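Colleague: Curious how this folds, go ahead:
(2 chains)
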There are 2 protein chains.
Amino acid sequence: MDIQQFVEQSIGQWRSQRSGHNLAFQFFEEVRSTITIEPRDRTDTAVLDLCQQNNIDPTLAHSPFWMTWKGESDWDDDSKVEGSCLLVPIPNGPDRGQLLRSQGYAETMPAVGDYYFSDDVFILTTSYDRAAAEERIWFAAPNIRIRVSLIKTSDGTGVVTASYASEIRSLGEKGIGE
Amino acid sequence: MDIQQFVEQSIGQWRSQRSGHNLAFQFFEEVRSTITIEPRDRTDTAVLDLCQQNNIDPTLAHSPFWMTWKGESDWDDDSKVEGSCLLVPIPNGPDRGQLLRSQGYAETMPAVGDYYFSDDVFILTTSYDRAAAEERIWFAAPNIRIRVSLIKTSDGTGVVTASYASEIRSLGEKGIGE
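Modeller: Below you'll find the predicted structure:
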């Protein structure tokens, strides 16, 4: 698995069922959402802008993609869980590199993470001011994506929250926009 | 990571928070439980019996352990989730082998699975009559264990249920029985 295969396999629309665990208090959150992942061209203005913000040569970008999610959490009936972000991989080897994000999943700040592949699992670590996120994504089957996210304290001693998503493909690559 | 290190790090008592996902219907199950993992001697009668049942030379057994769990599910107020089983690793290499179980987590039948380690993740696959289970267990921190279990149809085309557990150590090895 390399970043191109991983992004190609992720392209499409996904029906996501996600559980959030607050480890200290053993709280559960349940979120159902729809996630759409679309490819972007390396020459797209947003891709060029994000590379420039990070002082990265845009010709190093590979398989950029746009991710949109829209869902509902059982924690707040009034609040819809939705957002979108641009993700731009910058490989520095066949199985590793950086991932630029215009904004994070849980954070509203842009972020730069480091990824690598191990046994076909995409592993992304991102450091923030007071925390670090580790995300593991793999395909249990071509149409089933598993996503495990752990938010750790920045000193690495503990995990504060864990988030587990089961994602089933609802539309393939060709289905986008049709 | 090898099986001895993995079992040693697992020994103790764990407070577990588990989410079950039924992928077809997007149902959520929430389980809170206490898991106790205790070492067993290779010469323990139960270990010898389980090896004999599987026609395996008991001198090949390494780091057997006994696992007990007791918890409550939100799916049925009256039903306690509890059980126990003996697990006996039979390594056939530094990072792989078989795992004998006197009874499974979700199954009431004994089972033999195949395990290997990849990037410090313990990966166990077990085939049943009409399904296959894949379990991934790793330590996010010395006192935090993450466990992802997928039950697939036996033809491998789809995942039927996914189960995600966040486990925090509540007592260390020395705490057992004290």
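Colleague: tell me the SS of the most far-flung residue of chain A relative to its centre?
Modeller: Using Cα atoms, centre = their mean, the residue of chain A lying farthest from its centre is A:Phe25. It sits 25.6 Å away. Under DSSP: H, G, I helix; E, B strand; the rest coil, A:Phe25 falls in the coil class.
Colleague: try A:Leu150
Modeller: Going by three-state DSSP: A:Leu150 is strand.
Colleague: Tell me who's in contact with it.
Modeller: By Cβ atoms under 8 Å, 6 or more residues apart in numbering or on different chains, the contact set of A:Leu150 is A:Ala133, A:Glu134, A:Glu135, A:Val159, A:Thr161, A:Ala162, A:Ser163, B:Ala140, B:Ile146. Where C-beta positions appear, they are placed from N, C-alpha and C, glycine not excepted.
Colleague: Can you add distance to B:Asp41 and neighbour count and give the residues you listed back as a markdown table?
Modeller: Shown next, in a markdown table, are those (distance: Cβ to Cβ, whole Å; neighbours: other Cβ atoms under 10 Å in any protein chain shown):
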| residue | distance to B:Asp41 | neighbour count |
| --- | --- | --- |
| A:Ala133 | 41 | 21 |
| A:Glu134 | 36 | 18 |
| A:Glu135 | 40 | 19 |
| A:Val159 | 33 | 22 |
| A:Thr161 | 39 | 19 |
| A:Ala162 | 34 | 25 |
| A:Ser163 | 39 | 22 |
| B:Ala140 | 30 | 19 |
| B:Ile146 | 29 | 23 |
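Colleague: ok, back up a step: now the residue farthest from the centre of chain A: phi and psi?
Modeller: phi -110, psi 0 (degrees, to the nearest 10).
Colleague: how far away is it from chain B?
Modeller: Remark: distance between A:Phe25 and chain B (Cβ to the nearest Cβ, to the nearest Å) = 10 Å.
Colleague: How about A:Ala133?
Modeller: For A:Ala133, the distance to chain B - Cβ to the nearest Cβ - is 12 Å.
Colleague: SS state for that residue?
Modeller: Going by three-state DSSP: A:Ala133 is strand.
Colleague: does A:Gln103 count as helix, strand or coil?
Modeller: Per three-state DSSP, A:Gln103 ends up coil.
Colleague: isn't it right next to A:Leu87, touching?
Modeller: No. Counting by Cβ atoms under 8 Å, A:Gln103 sits too far from A:Leu87 to count as a contact (9.9 Å).
Colleague: and these two? which has more neighbours close in?
Modeller: Neighbours per residue (other Cβ atoms under 10 Å in any protein chain shown) separate A:Gln103 from A:Leu87, with A:Leu87 holding more: 23 against 15.
Colleague: Can you mark which positions in the one helix or strand that one maps to are buried?
Modeller: Under the criterion of DSSP states H and E, A:Leu87 resides in strand A:80-93. By 16 or more other Cβ atoms under 10 Å in any protein chain shown, the buried positions in strand A:80-93 come out as A:Val81, A:Cys85, A:Leu86, A:Leu87, A:Val88, A:Pro89, A:Ile90, A:Pro91.
Colleague: could I get these as CSV with pLDDT and distance to A:Arg18?
Modeller: Formatted as CSV, the buried residues of strand A:80-93 follow (pLDDT from 0 to 100; distance: Cβ to Cβ, whole Å):
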residue, pLDDT, distance to A:Arg18
A:Val81, 81, 9
A:Cys85, 92, 16
A:Leu86, 95, 21
A:Leu87, 96, 18
A:Val88, 97, 24
A:Pro89, 98, 23
A:Ile90, 98, 27
A:Pro91, 98, 28
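Colleague: distance of A:Asp129 from chain B?
Modeller: According to Cβ to the nearest Cβ, A:Asp129 and chain B sit 20 Å apart.
Colleague: can you count the residues close to that residue?
Modeller: 7.
Colleague: Tally up the residues packed near the residue nearest to it when sequence neighbours are not counted, please.
Modeller: Using Cβ to Cβ, 6 or more residues apart in numbering or on different chains and skipping the chain neighbours, the partner closest in space to A:Asp129 is A:Ser154 (7.3 Å). The tally of other residues near A:Ser154 (other Cβ under 10 Å) stands at 11.
Colleague: My guess is A:Ser154 contacts A:Thr125. True?
Modeller: No. Counting by Cβ under 8 Å, A:Ser154 sits too far from A:Thr125 to count as a contact (11.8 Å).
Colleague: what sits in contact with each of these two?
Modeller: With Cβ under 8 Å, 6+ apart, A:Ser154 and A:Thr125 have common neighbours A:Ala132.
Colleague: Pull out the buried positions in stretch A:68-76.
Modeller: Quick answer for stretch A:68-76 (16+ other Cβ under 10 Å): A:Trp69, A:Gly71, A:Ser73.
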